[in-house]
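1. Kindly return the folded structure for what I paste below:
(3 chains)
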Amino acid sequence: MSGKKLLEVKDLYTYYQTRLGEKIKAVNGVSFELKEGEILGIAGESGCGKSTLGISISGLFPPPLKYGKGSVKLGDVELTNINHSKLRKEILGKKISFIPQSAMNALNPTLKVKRFIVDLVKEHEPNLSEDEIIKRAAERFESLSLPKRVLDAYALELSGGMKQRTIVVISTMMNPEVVIADEPTSALDVSSQKIVIKLIRQLFEEKIIKSVIFITHDLPILRHIATKIAVMYAGEFVEVGTMEQVIFDPVHPYSNALMNSIIVPEKGIKGKKLPSIPGAPPDPRLEIQGCRFADRCPLADDECRKAPIEMREAKGRLVRCIKV
Amino acid sequence: MDKKILLKVRNLTRVFGSKKKRVVAVKNVSFDIYENEIISIVGESGSGKTTTARMMLNLLKPTEGTIEIEGEDISNFRGKKKREYWRKVQGIFQDPFASFNQFFTVRKVLDDSFKLFDVQPSKEEKDKRIRKVLEYVNMRYEEVAEKYPFELSGGQRQRIMIARIFLIEPKLLIADEPTSMIDAVLRSSILELLLSLREREKSSIVFITHDLGLAYYVSDRILIMHNGELVEQGSADDIITNPQHPYTKKLIQDVPTLHQEWAL
Amino acid sequence: MKTLKLLFTSKKFVFGLCLFLTLLFLGLLFPVFNHKDPLDLAGFMYQPPSKEFWLGTDNFGRDVLVELIHGLKTSMFIGLLAGTVATLIGVGIGLTAGYIGGWVDNLLNTITNIFLVVPPFVILILISVSLQNRSLGIMGLIIGITSWPWTARAVRAQATSLRVREHIDLAKISGMGTFEIMLREVLPYIMSYIFMAFVLQVASGILNEAGISMLGLGPSNIVSLGTMLSWALLFEAVRTGAWWAFIPPALTIAFITFSLLFMSTGMDEIFNPRLRS
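-> Residues are numbered from 1 along each chain as shown, chains lettered A, B, ... in the order given. Next up, the predicted model:
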């Protein structure tokens, strides 16, 4: 079932430059491939660099974010050194769509929804007439069983769930190959969460979008939408495998703790012993010799702290640990 | 075994704004909190759960209805009585960073909670107690006392807040989303500390949360709120395995779990 | 400490501060070494700049350079005093209105708005006219009393948004009183903001003094940058081409204002979370 390779990220490093001249490392040598038909979940806790990774993949480096090294290839196009106006015109919104965390508030409340759609499509296909674009948008809304009246509404008239669904539809108007969704459901109530997830699944099944990178800290959601999951810790991927492998049979000590800390309302949860990991992730300003998780890891010994730990294969998936 | 009622909430209603902009945030809510029990008030945003919590903390006056602590109506508490109430009922909030005055050290924050005491302990006594409660939450006095909140991680800050509770030893703790901003792998240590309050001080705890999983994990009883109304209450097992109200049923259906398919 | 360090990374702030301090020291130190009386009629009317009078003389034959430096001192004094008064009143009213809210807020807000709507200049002129002896202190006070409203407004907005923060709730359930909370839990958070407002109030105080003095309602028997401009205007320096009588004080006012505005923008860049990187 492996489809065409759409996106290839190789050894990507990015960092933030502060006013005081410090470098805060955000993404530390991340590599992965995304194929057609895949929904890659990127899981991790706040500050692990997962959101930065999402932005970095889009090739835009809004200050203070800076590009370090490595490559991001969309098909044959290298995105890390592409000219910005070209990136905006030919790639973003057309081939890669980025749905940021705060998308819901990014919509200008004084404009009608159809205005955004017209602007977006016009940027990529200037020859289309406005009526044609709106007609297309209406068809898209209809096919996803969303009410067409939303097109004539102002952003502020929409409920949270409807706003987020609208964002998803707008950002997929150009049938992008890769959709990067950064915590698209975190600010929503559970019922709206479900509806948004349903919509993404539907877009995917109808082949409107070809692949998704779903960034979230919400593991139960990944359990139901991702085909592959990468667990991120302190700027690195520590385990990459299929959804079943990572959720139900994690190997890396950190992903193991993360999966065991999931609490959901189902039988057997009450009375379950939750893992407790002391300490905090390392200071992102520091250079770290060996394993970044070593100081909190129950399995760690001197060997773990000697040299950088590379990803290796274990139990059919990639793991950044020498102890398993 | 009959348990004693600690807090009695009757017909609680809170209206914000007036006339056309009138919003009824909490509608005619009644429930009891018994001694030494843990309950959760579960609801989505806008359900009125936080407003209810604020009224229980005497930070907000109810529009109608009463809250009684050990048989005494709290609405007329002033000055000393109010302080006495806060010795019995305390709170922990969602954002461990926003809960701190960022200009004060940990030591000062903890010192401030002695303001609630009628008789001020001596300086040595305060010092001794602060050291003891920091030990309870697995922190060393020497390491954290002179630190400012921005020098601590989210988990550490929340533990200081819990240390503060141990210092005050309230009969009832109202914890508003205490772990929602804490990393998952640290959550268990925070939960364990909170739950130890029941063992150590025989306190009751009310969790205010949107997380049904968390509510199920920690509580004896669960109260479900929706649009300002209390729609269902019962033992945690009953609510999760045998919900009665249509809203509760839908809520449980909408929450993704690990082992059941999520009907998308 | 970290905030201070951050402030000094802003070139604009450092530039503004240096310029301001230079002007301030000039105003303070020069009279210590040079005992010339600025009101002394040292030469003839409108002598152009020469070796004896570096910046020429004014309409009464007084040394413009000496006048200028004494005027600088006066203007700075009035500006700082006005800024302090305006900031104190503004913070007091704004903080109370914003934190307490309810009818207190409504009342204070109404008062603030009345002061905002009535042009301060009109009040200033009315008060100035009615006073026989206008000393420096009185001038500063009057300017301060008429210009607090927008500091109050800005502080009120900040306090209103801080009021709902969790640490305020925590202070309440720790048994702290209203006044204590305002002082300990709200004020420190808006200190940088207040300082910015103060800087702008000083700048506008200096401009206001110049404005009133140009109309001939400035401090009596004292040289200020405004009175210098007023004399130049009155005695037709512009028409007679005596540029040295009005360009230097005008430029000095511009320099002071610039230095303060630079400091303010520099601070804004550091403190405003939206602009901060």
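
2. separation between whatever residue of the stretch 1-150 of chain A ends up closest to chain C and residue C:43?
-> Among all residues of the stretch 1-150 of chain A, residue A:64 sits closest to chain C, at 4.2 Å; criterion: Cβ to the nearest Cβ. C-betas here are computed from N, CA, C, even on glycine. Using Cβ to Cβ, to the nearest Å, we find residue A:64 at a distance of 59 Å from residue C:43.

3. What ranges does the chain have for its helices?
-> Since no chain was named, I'll use chain A. With helices called from DSSP state H, chain A shows them at A:50-57, A:84-86, A:103-106, A:113-124, A:130-143, A:160-171, A:190-205, A:219-225, A:243-248, A:253-260.

4. if you could check chain C rather than the one you did, that'd help
-> C:2-7, C:11-33, C:64-100, C:102-117, C:120-130, C:136-147, C:149-163, C:166-173, C:178-181, C:187-214, C:225-234, C:237-240, C:247-271.

5. Adding distance to residue A:8 and mean neighbour count, write those helices out as a markdown table.
-> Below are the helices of chain C laid out as a markdown table (distance: least, Cβ to Cβ, whole Å; neighbours: other Cβ atoms under 10 Å in any protein chain shown):
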| stretch | distance to residue A:8 | mean neighbour count |
| --- | --- | --- |
| helix C:2-7 | 40 | 12 |
| helix C:11-33 | 42 | 15 |
| helix C:64-100 | 54 | 24 |
| helix C:102-117 | 58 | 14 |
| helix C:120-130 | 65 | 15 |
| helix C:136-147 | 62 | 22 |
| helix C:149-163 | 46 | 21 |
| helix C:166-173 | 45 | 22 |
| helix C:178-181 | 56 | 13 |
| helix C:187-214 | 46 | 22 |
| helix C:225-234 | 67 | 24 |
| helix C:237-240 | 73 | 13 |
| helix C:247-271 | 39 | 20 |
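
6. Select, out of those, the one closest to chain A.
-> Closest to chain A of the helices of chain C is helix C:2-7 (Cβ to the nearest Cβ; 6.4 Å).

7. which ones are touching residue 155?
-> In the absence of a named chain, this looks at chain A. Residue A:155 makes contact with A:107, A:108, A:109, A:111, A:113, A:163, A:166, according to Cβ atoms under 8 Å, 6 or more residues apart in numbering or on different chains.

8. let's do chain C instead
-> With Cβ under 8 Å, 6+ apart, residue C:155 has these contacts: C:90, C:91, C:93, C:94, C:95, C:98, C:190, C:193, C:194, C:197.

9. on that earlier part again, between the helices of chain A, which gets the lowest average pLDDT?
-> The weakest mean pLDDT among the helices of chain A belongs to helix A:103-106, with a mean of 70.

10. Provide the secondary structure category for the closest residue to chain A within chain B.
-> Residue nearest to chain A within chain B: residue B:188 (3.3 Å; Cβ to the nearest Cβ). Residue B:188 falls in the helix class when you classify it by DSSP: H, G, I helix; E, B strand; the rest coil.

11. Report the separation between it and residue A:257.
-> Between residue B:188 and residue A:257 the computed distance is 9 Å (Cβ to Cβ).

12. what is in contact with these two at once?
-> residue A:275.

13. want to throw the helices of chain C into CSV with distance to residue B:38?
-> Listed next are the helices of chain C as CSV, based on distance: least, Cβ to Cβ, whole Å:
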stretch, distance to residue B:38
helix C:2-7, 41
helix C:11-33, 52
helix C:64-100, 35
helix C:102-117, 36
helix C:120-130, 60
helix C:136-147, 57
helix C:149-163, 31
helix C:166-173, 20
helix C:178-181, 31
helix C:187-214, 35
helix C:225-234, 71
helix C:237-240, 83
helix C:247-271, 43
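
14. By mean pLDDT, show me the worst of these.
-> Going by mean pLDDT, the lowest-scoring of these is helix C:2-7, which has a mean of 72.

15. sorry, back to before: doesn't residue A:16 make contact with the residue of the stretch 1-150 of chain A closest to chain C?
-> Yes: the pair residue A:64 and residue A:16 qualifies as a contact (Cβ atoms under 8 Å) at a distance of 4.9 Å.

16. Which one's more surrounded, the two?
-> Remark: of residue A:64 and residue A:16, residue A:16 carries more neighbours, 17 against 13, as counted by other Cβ atoms under 10 Å in any protein chain shown.

17. Much appreciated, bye for now.
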